[in-house]
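J.: Dropping the sequence and predicted coords here.
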Amino acid sequence: MTTMKRAYTALGSENVFLIGALIAVVIGFSSATPLFMTPANFGSMAFQLPELGLLTLAMMVPILSGGLNLAIIFQANISGLALAAVLIHFGGVDAGYDAFALGVAAALAVGGISGAVMGLVVAYMGAHPILVSLAMMIFLRGLGEFLTKGGDISGFPPFMETIGHGYLWGIPIPLLIFLGAAVVWHIMLRYTKHGFSVYMIGSNIQASEYSGLNTRRTLTMIYTISGMVCAIAGILMAARFNSVRVGHGEALLLVTVLACFLGGLDPFGGFGRVVPVVLALCMLQALSSGLNLIGANQHLSTAVWGLFLIGVMAFRWAASRLHLTNRRRS
Amino acid sequence: MHPKDEKYALRMKNVSKRFGGVQALDKVAMEVKAGEVHCLAGENGCGKSTLIKIVTGVYEPDDGTEIEVFGERISSNSPTKARAKGIAVIWQDLALFPHMSVAENIGIDELVGGRPRVAQFKSIKTRAQGVMDRLGVSLDLDAPLSSLPIAQRQVVAIARSLMSDARLVFMDEPTASLTQSETDALLAIVRNLSADGVAVVFVSHRLAEVLDIAERVTVVRDGKLVGVYPTEGMSQSRLGELMTGHMLESEVRARDKTGSDIMLRVTGLSRQDQFENVSFDIKRGEIVGITGLIGSGRTELAHALIGMTRTDQGTIELDREVVRPRNIREAIAKGIAYVSEDRLTLGLVQPQPIADNTVTSVLDKILGSVGLISSQKKNDLVDGWIERFSVKIGETSDAVSTLSGGNQQRVVLAKWLATNPKLLILDSPTVGVDVGARAGIFHIVRELADEGLAILLITDEITEAFYNADRIFHMADGRLQAEYDPHQTSVQQLEERVYA
């Protein structure tokens, strides 16, 4: 085996492909504009990526289990709202760290409970996750708009600004939070009983139950954890915009699904890893920032994302064909 | 319909096919006479499917291969060309459309096509009826396929092949999921086809029906032709020997376990509309067989024992302790293991790796010090069982679906033995497992019994219960009808009782 081949096997074909695509995107934009390869650009990408990233992690595990969570954006919003309510209650701009801690707990609780309700319905009533999460999404949106009367909630203490825009060890704090979550997700999926059950359930829930896996508890956990990571995204969004508004980030919902599929998740569940999804996210961010820098219309970048996914599907199809013929010939 | 001089529907010589380093077929020859029922016999992986795929144009054979269909030399082949020449295959999964009607399924080849045109539903229905008449069956042509039991879907698949004027029909394990009476009905249809001048190549693991239906049998082993034999005068054990290359044991091995401790005692167990007042016991190290038809309540009884369903009355005692599992996890914890009759959808998570399937029921045993799954412990456990049960695999990371039926069943056994059970329930453990591999599975089962495991063997293959169980119960209409000692009875006697 050559060194190249060994590296290929170690990294996995999915990752090699995504890294290649990422490098191509970076080289392309660097040659198109001198503004791309600058600390300022990378800095702004590092602040934009984490929200989408956390929401994608929230979307990922339900998809792995053969489901979907359409409520993620509004779970994030309503959790942010819970934090805002606690902060405002304890003096708004003057609220202290203890109030913040309480607010975070409230946000996590709201995200977790809204997820748990979905999980319980999916697990015990056997309802389809798309229907359940759609219902939850509409409920949360309505509830949020009712509570905020459709407006912004603002007036947070100054340290919220630091969470949304600050650095720790020279790394943007939101990026650190996202990377931390991604590592936790990687470990959860590969090395815990819960993660093991997610993959098995995603491939065949009945056989999983017959093998003695607790499929109902696992499903409930999947949506509860998904809701909690939405809450973290909601807290970050509140910190970045210094306000909470129901409907913030609504456009991100389908982008998270896009990132999951770009990262090689099987749309029918059972297969997919965290690392390729993170690489896919980086690529989407690089594409969007690059297009922005060369002065393209913002709507164009959405169009390019879609095209990109179609291209990737075609490429994967071609690669698998090639792989097959190679195997047949060798 | 076809000229008389076409004595042979199919003549093949020197059929070879190499996949990478594997010689799947090595100069195999086969001849099928027009209107003959011919059996292609061999174990899984012997090259049967490859052979069928070559005739039907799915695979291209290696150089030197000679194929003649109805007297016509075939130089280049493809599925479309093969169909045009009157060759049809009915695969095991049938490849039908559950949401379409019976008539639409039968006429599907005329409904689909490159050019858009108005579908002639009426003429299709008339012709489908004609085909049904030819087969001597009657089905509701408007019923959705999904409302039909598997046996009738099989008939639909056969009818579909006749719609396109097939004169050489390959049937891949058509009886694998049928009951005895359904199998008999199917065999009658195959005879009709043959009388009608259609040559049928029948692929089956079930030796009895091979000998019953076919005039001649071509035996293939390890990609090589063993020979062509008339079925007249051939015995099951002789055919099994030809297929596997070694003698098959066929002696009653029942042992008297009356003196051993009771491991499982079931008393008066009932569940409405499923089974009633079921009482029996299994001693330590004993294999108790329950045989009966589908619907006799045998699988329902197993489901109650593992807590998948509740019982209305009665008690289950395991190792002198009353157990009442509410779900399969509790049953596992108490020491009950269940090998499901449906390996494809319930027994294994087919697309997932062999290793993961092996450890699903014992995740707690592979956790490391911090509560995370330890790859080391997982690999050790998996490797140990793979070795112990001699499972033939490539990598433990391969999908379990890549394994043959026999090896899949070994993985299932490994998965359950890893839970360290006291009672092992085997529900039709050899469905889709070929003859040689069956012997291997039962060799393992016997070893496990000798180690003290109590085993409940549920099967509708009477010979299987007869040769492997220590005692046999006949179950029908939800009740245990009678108990038999294999030494005091015969297969014929049992069959008469069960199929009466």
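T.: Everything's here; your move. Numbering: from 1, shown residues only, chains lettered A, B, ... in the order given.

J.: centre of the chain versus whatever helix or strand residue A:232 lives in, how much separation?
T.: Following DSSP states H and E, one finds residue A:232 within helix A:215-241. Distance of helix A:215-241 from its chain centroid, counting by C-alpha atoms, centre = their mean, to the nearest Å, is 10 Å.

J.: again, but for stretch B:460-471
T.: Worked out by C-alpha atoms, centre = their mean, stretch B:460-471 lies 17 Å from the chain centre.

J.: Now do it, average pLDDT.
T.: The average pLDDT for stretch B:460-471 rounds to 87.

J.: burial measure for residue A:311, as a count.
T.: 12 (other C-beta atoms under 10 Å in any protein chain shown). For glycine as for every other residue, the C-beta is placed from the backbone atoms N, C-alpha and C.

J.: Can you give the domain ranges for chain B?
T.: Using automatic domain parsing, the domain ranges for chain B come out as B:8-244, B:262-498.

J.: if we can go back for a sec, quick one: buried residues of the helix holding residue A:232?
T.: Residues of helix A:215-241 classed as buried by neighbour count (16 or more other C-beta atoms under 10 Å in any protein chain shown): A:215-216, A:218-241.

J.: these two touch, right, residue A:239 and residue A:166?
T.: No - using C-beta atoms under 8 Å, residue A:239 makes no contact with residue A:166, being 9.2 Å away.

J.: so where's chain A uncertain?
T.: A:1-13, A:323-330 (pLDDT under 70).

J.: circling back to that earlier point, as TSV, the domains of chain B with distance to residue A:76 would be great.
T.: Output for the domains of chain B, formatted as TSV (distance: least, C-beta to C-beta, whole Å):
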stretch	distance to residue A:76
domain B:8-244	39
domain B:262-498	29
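
J.: Looking at those, which is nearest to chain A?
T.: Among the domains of chain B, the nearest to chain A by C-beta to the nearest C-beta is domain B:262-498 (4.0 Å).

J.: and the closest one, anywhere near chain A?
T.: Yes - using C-beta under 8 Å from any C-beta of the partner chain, we find that domain B:262-498 touches chain A at B:308, B:328-329, B:332, B:338, B:340, B:345-352, B:356-357, B:360-361, B:363-364, B:367, B:371-373, B:415, B:419.

J.: Could you list which of the residues you listed belong to strands?
T.: Using DSSP state E, residue B:338 are the members of those that sit in strands.

J.: Now, of the residues of domain B:262-498 next to chain A, which are buried?
T.: Applying 16+ other C-beta under 10 Å to these, the neighbour count classes B:308, B:328-329, B:332, B:338, B:340, B:346-352, B:356-357, B:360-361, B:363, B:367, B:372-373, B:415, B:419 as buried.

J.: just to revisit the earlier point, worst mean pLDDT among the domains of chain B?
T.: Minimum mean pLDDT among the domains of chain B: domain B:8-244, a mean of 84.

J.: and that one with chain A, contact?
T.: Yes - Domain B:8-244 reaches chain A (C-beta under 8 Å from any C-beta) through B:19-20.

J.: hmm, back to that, could you say what helices and strands whatever helix or strand comes next after the helix holding residue A:232 packs with?
T.: Sequence-wise, the next helix or strand downstream of helix A:215-241 (DSSP H and E) is strand A:243-244. Where contact means 3 or more C-beta pairs under 8 Å, 6 or more residues apart in numbering or on different chains; DSSP states H and E, strand A:243-244 is packed against helix A:72-89, strand A:153-154, helix A:215-241.

J.: and residue B:14, what is it in contact with?
T.: Listed by C-beta atoms under 8 Å, 6 or more residues apart in numbering or on different chains, the contact set of residue B:14 reads B:27-29, B:64-66.

J.: what's next to the host helix or strand of residue A:136, contact-wise?
T.: Assessed by DSSP H and E, residue A:136 sits inside helix A:129-148. For helix A:129-148, the external contacting residues (C-beta under 8 Å, 6+ apart) are A:62, A:66-71, A:73-75, A:77-78, A:81, A:114, A:117-118, A:121-122, A:223, A:244-247.

J.: coming back round to it: I'd like to know which of the contacts of residue B:14 is nearest to residue B:322.
T.: Residue B:322 lies nearest to residue B:28 out of these, by C-beta to C-beta, at 58.6 Å.

J.: gap between that closest one and residue B:146?
T.: Distance of residue B:28 to residue B:146, given as C-beta to C-beta, to the nearest Å: 38 Å.

J.: higher neighbour count, these two?
T.: Set side by side, residue B:28 and residue B:146 show more neighbours around residue B:28, with 26 against 11, by other C-beta under 10 Å.

J.: Please name the bridge partners of residue B:456.
T.: Taking DSSP bridges as the rule, residue B:456 bridges to residue B:288, residue B:425.

J.: State whether residue B:314 is indeed within a helix.
T.: No - using DSSP: H, G, I helix; E, B strand; the rest coil, the assignment for residue B:314 is strand, not a helix.

J.: nearest spatial neighbour of it, skipping sequence neighbours?
T.: The shortest distance from residue B:314 to any non-neighbouring residue, by C-beta to C-beta, 6 or more residues apart in numbering or on different chains, is to residue B:269 (3.4 Å).

J.: For residue 266, give me the backbone phi and psi.
T.: Answering for chain A, as no chain was given. The phi/psi pair for residue A:266 (degrees, to the nearest 10) reads phi -80, psi 120.

J.: sorry, should have said chain B
T.: phi -110, psi 130.

J.: close enough to count as contact, it and residue B:316?
T.: Yes - counting by C-beta under 8 Å, residue B:266 does reach residue B:316; the two are 5.6 Å apart.
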